[in-house]
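Let's see this in three dimensions:
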Amino acid sequence: MNLVAALMEPAAYDEPTAAVKLIQTHISWVFITDHSAYKVKKPVDLEFLNFTTLRRRHHYLHEELILNRRLCPDIYLEVLPITLHHDQVRLGGQGHPVEYALKMVRLPQERMMDEVADRGELRPEHLDRIIERLAPFYAQAATGPRINKFGEPAVIAYNHEENFSRTADLVGELLSKELFEQIRAFARNFLRDHRALFLQRIREGRIRDCHGDLHLKNICLADGVYIFDCIEFNHRFRYGDVAADVDFLAMDLDFHGFKDLSRYFMERLAQASGDPELLKMLDFYKCYRAYVRGKIAAFSARDQELAPEVRAQARQTARAYFLLAGEYAEAGARWAA
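Have a look, this model is predicted:
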């Protein structure tokens, strides 16, 4: 059975739909109908996540449902079984589940933040609305000893070193040896020289159960502000300093050419959160986030399931993110000096 092909058929869905559109990443397939979106996890093991069994995929879809309801309670609806009955694949049908899907309300694509930005329509007022959602979210997000350990310098260093080890084979292909070493040296030096600042962040309660994947494509500026698709598969990527979370969006604004709006966002959020130290972490965490995006784009560039032109674009994107990480490393090193 070709599950993807079966789910491209409108007859597989209980709701009427004229067509089904497929969007895929290196870890998921998302099937878009006229009114809904259905996410199915790929059976992959990428070391930092493991979706290789049906039980694991079912579990993490439930995690995704619960965690994303924190910011999008009206968008994330339910986890449905995908069944095969009389050779017919159905969402929520009768019979033994062969897979599971997370059902969500379809958000208007033209109101996604990246598309609003690409049209030149992004304004400070949009960022004010995002801050109005994020500031109370972080204030109410879970914290405590179990989560605080993810703000410890040793854990942060581990996250960085894992990135460097997993991307070492990209040197010479998607980034130069000099750039790789510059970024790595900056991360190591900042952690060593500003250890007291990281420990202060823990004492002040700045380590929280965050979103983990806060970038333009995961925000919809429609009738409300919808911040969706948080990290559910690895606590280490979601637990951390609020600064690390919001610097992802600040970095993405920079990447899209909105440096003034990026700075506006961070300054206003620091004020709204009563967290002036947030700005001291800017280059460090933006460098980290840009490097992670480069790594993810590199994974897509090597995904043979993707079309050649998509992989070629992913290579260009990876190179651009690595170069941006280098810019932050250079700026951060000057500030630290």
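
how close does the most centrally placed residue in the chain get to Y60?
Of all residues in the chain, the one closest to the mean position by Cα atoms, centre = their mean is D213, 2.3 Å from it. The gap separating D213 from Y60 is 14 Å, by Cβ to Cβ, to the nearest Å. (C-beta placed from N, C-alpha, C; glycine too.)

Helices along the stretch 201-337 of the chain, start to end?
Taking DSSP state H, counting those that start in this stretch, the helices of the stretch 201-337 of the chain run over residues 235-238, 242-255, 259-273, 282-301, 308-336.

circling back: and the pLDDT at the residue nearest to the centre of the chain?
Listed pLDDT for D213 reads 95.

What backbone torsions are found at it?
Listed backbone geometry of D213 is phi -150, psi 50, with angles given as degrees, to the nearest 10.

From here on, call the first residue 24.
Renumbered: residue one is now 24, and that last one reads D236.

What is the neighbour count of the closest residue in space to it that isn't next to it in sequence?
In this structure, D236 finds its nearest non-sequential neighbour in I254, 5.2 Å apart by Cβ to Cβ, 6 or more residues apart in numbering. Taking other Cβ atoms under 10 Å as the neighbour definition, I254 ends up with a count of 21.

How about A140?
By the other Cβ under 10 Å criterion, the neighbourhood of A140 contains 19 residues.

Likewise for H85?
H85 sits with 15 neighbouring residues when counted by other Cβ under 10 Å.

related to what we said a few turns ago, pretty sure the residue nearest to D236 is in contact with G235, am I right?
Yes: using Cβ atoms under 8 Å, I254 and G235 qualify as a contacting pair, with a distance of 3.1 Å.

Overlap of the contact sets of these two?
Taking Cβ atoms under 8 Å, 6 or more residues apart in numbering as the contact definition, I254 and G235 share the neighbouring residues F260, R261.

Run through the residues that contact the residue nearest to the centre of the chain.
Contacts for D236 (Cβ under 8 Å, 6+ apart) come out as D252, C253, I254, F260, F271.

again, only this time at 7 Å
With contact set as Cβ atoms under 7 Å, 6 or more residues apart in numbering, D236 has these partners: D252, C253, I254.

got the phi/psi numbers for the first one?
Dihedral angles phi and psi of D252 (degrees, to the nearest 10) take the values phi 60, psi 50.

Could you find the closest non-adjacent residue to it?
What sits nearest to D252 in space, not counting adjacent residues and going by Cβ to Cβ, 6+ apart, is N241, at 4.6 Å.

how close does the one you found get to L30?
From N241 across to L30, the span is 23 Å (Cβ to Cβ).

hang on, the earlier thing: just put the contacts of D236 in CSV and tack on distance to P96 and pLDDT.
Rendered in CSV, the data for the contacts of D236 read as follows (distance: Cβ to Cβ, whole Å; pLDDT from 0 to 100):
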residue, distance to P96, pLDDT
D252, 15, 97
C253, 13, 97
I254, 18, 96
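
Now flag whichever of these is closest to A219.
Distances from the contacts of D236 to A219 were compared by Cβ to Cβ; the smallest belongs to I254, at 28.2 Å.

For the closest one, give me phi and psi.
Its backbone dihedrals place I254 at phi -80, psi 120, with angles given as degrees, to the nearest 10.

Is E101 in a helix, a strand, or coil?
On the three-state scheme (DSSP: H, G, I helix; E, B strand; the rest coil), E101 is labelled strand.

who's the residue nearest to it when sequence neighbours are not counted bridged to?
Using Cβ to Cβ, 6+ apart and skipping residues adjacent in sequence, the residue nearest E101 is K126, 5.4 Å away. Using DSSP bridges, the bridge partners assigned to K126 are Y61, E101.

For K126, give me its contacts.
Contact analysis of K126 by Cβ under 7 Å, 6+ apart lists S59, Y61, L100, E101, L103.

ok, so what distance separates it from G280?
For K126 relative to G280 (Cβ to Cβ), the value is 35 Å.
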